[in-house]
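Novice: no letters, just coordinates:
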Ligand code: SAM
């Protein structure tokens, strides 16, 4: 695999002596995994994804488009590491009557997972800002078939106006995609330090925009499929300091080989392909401790909007 020298320098510094094993994993075949729809199909006799109750590995990648069960929503082809968000739900969202927002939801992997495990009286708003991707999301959600899920096509800023509405928000943020290098060669060629910086700024903007919509004491799960600390731990710290949150632990079993936060002081969960059977993934669970971050940012925004900024759809790429 052709990795940029900047990526090598930065990621080697993060991984230390694990670097060689990591590169070897990047050059090996990506595993194929599915999550079954418990309402439509039986549990198959396949190797399980350890951190998921419905996730399985396939021995090889079939041609899904020729399988009627795929089109009927009997299973979803989902990358195994990202199924870990199930743990945050099972450990913290036990109630039946919960309002959930999946803010960056297309094509729908995590929304279909949440729809499967949320309690009966709960509501899932599955949102995607890019219209064409929102159509694909709606198709996948329809195929999955949970009546308590609504698909929307809004900018985070607009949903942010629903003050204190949601108990749980998932921000599976658009990122530099380092964790997808093995699956998507385009991600390798598009990578640059400037793009990491741009992604980090966009992630902070998305988080600040949606923050008012989260109840005080509500939970926000922040995730990316990238390795660098800038878009991961740095942003978690930024949420705590700028918006007002504390980070909550998620219980993990040792045999899952999940790696810890690369910063001291708070828990976060990292998946590396040389340790876990899946692609790169990061997540951290935060609890909103105050509304002061929302108020402060609203005042800052009012000041800015008096001077500039027309709507710019380039922002959505
Ligand atoms: N959660 C999805 C899943 O599990 O299938 C994957 C989401 S993907 C990592 C990030 C999503 O964020 C993309 O669908 C992308 O279109 C969307 N996005 C891009 N720019 C955005 C922005 N400025 N605000 C909100 N969402 C954005």
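Specialist: The structure has been received and is ready for your questions. Being a predicted model, the structure only gives us computed values, none of them experimental. Numbering: from 1, shown residues only.

Novice: strands along the stretch 51-200 of the chain, start to end?
Specialist: Using DSSP state E, counting those that start in this stretch, the strands of the stretch 51-200 of the chain run over residues 55-58, 75-77, 99-102, 123-127, 149-152, 166-172.

Novice: now check the second one, is it near the ligand?
Specialist: No. Strand 75-77 lies apart from the ligand when judged by C-beta under 6 Å from any ligand atom; the minimum separation is 8.9 Å. Just so you know, the C-beta spots here come from the backbone N, C-alpha and C atoms, and that holds for glycine as well.

Novice: which parts of that strand are buried?
Specialist: By neighbour count on 16 or more other C-beta atoms under 10 Å, the buried set for strand 75-77 is 75, 76.

Novice: what is the neighbour count of residue 175?
Specialist: 27 (other C-beta atoms under 10 Å).

Novice: from the ligand, how far out is it?
Specialist: Distance, residue 175 to the ligand, using C-beta to the nearest ligand atom, to the nearest Å: 7 Å.

Novice: I'd assumed residue 224 was in contact with that residue.
Specialist: Yes. The criterion here is C-beta atoms under 8 Å, and residue 175 meets it with residue 224 at 4.0 Å.

Novice: which parts of stretch 13-21 are buried?
Specialist: residue 15.

Novice: got it, and stretch 184-191?
Specialist: In stretch 184-191, counting by 16+ other C-beta under 10 Å, buried: 187, 188, 191.

Novice: is that stretch positioned near the ligand?
Specialist: No. Shown here: stretch 184-191 not in contact with the ligand (C-beta under 6 Å from any ligand atom), separated by at least 11.4 Å.

Novice: what does the stretch 101-250 of the chain put close to the ligand?
Specialist: Residues of the stretch 101-250 of the chain lying near the ligand (C-beta under 6 Å from any ligand atom): 104-110, 128-130, 133, 156, 172, 174, 202, 206.

Novice: let's go with 5 Å and repeat that
Specialist: 104, 106, 107, 109, 110, 129, 130, 133, 172, 174, 206 (C-beta under 5 Å from any ligand atom).

Novice: about what we covered before: hmm, which of the buried residues of stretch 184-191 is lowest in pLDDT?
Specialist: Ranked by pLDDT, the buried residues of stretch 184-191 bottom out at residue 187, which has 81.

Novice: my guess is it meets residue 181, correct?
Specialist: Yes. The criterion here is C-beta under 8 Å, and residue 187 meets it with residue 181 at 5.5 Å.

Novice: now the helices for the protein?
Specialist: All helices of the chain, identified by DSSP state H, fall at 5-15, 19-26, 68-71, 85-92, 109-117, 131-144, 156-159, 185-190, 193-210, 233-238, 292-307.

Novice: most packed of these?
Specialist: Stretch with highest mean neighbour count among the helices of the chain: helix 109-117 (a mean of 23; mean count of other C-beta atoms under 10 Å).

Novice: how many degrees apart are it and helix 131-144 in direction?
Specialist: Between helix 109-117 and helix 131-144, the angle comes out at 30 degrees (axes from the mean of the first three to the mean of the last three C-alpha atoms, to 10 degrees).

Novice: where's helix 109-117 relative to the chain centroid, distance-wise?
Specialist: From the chain centre to the centre of helix 109-117 is a distance of 12 Å (C-alpha atoms, centre = their mean, to the nearest Å).

Novice: which residues are in contact with both of residue 175 and residue 224?
Specialist: Taking C-beta atoms under 8 Å, 6 or more residues apart in numbering as the criterion, residue 175 and residue 224 both touch 203, 231.

Novice: circling back: possible to save the buried residues of stretch 184-191 as JSON lines with distance to residue 7?
Specialist: Compiled in JSON lines, these are given as follows (distance: C-beta to C-beta, whole Å):
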{"residue": "187", "distance to residue 7": "11"}
{"residue": "188", "distance to residue 7": "8"}
{"residue": "191", "distance to residue 7": "6"}
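
Novice: identify the residues contacting residue 174.
Specialist: Applying C-beta under 8 Å, 6+ apart, the residues near residue 174 are 104, 199, 202, 203, 206.

Novice: could you report the neighbour count for residue 154?
Specialist: Neighbours of residue 154 under the rule other C-beta under 10 Å: 15.

Novice: okay, it: pLDDT?
Specialist: On the pLDDT scale, residue 154 gets 98.

Novice: mind listing the residues bridging to the closest residue to it other than its chain neighbours?
Specialist: Excluding the flanking residues, the one nearest residue 154 by C-beta to C-beta, 6 or more residues apart in numbering is residue 127, at 5.7 Å. Residues in a beta bridge with residue 127, per DSSP bridges, are residue 152.
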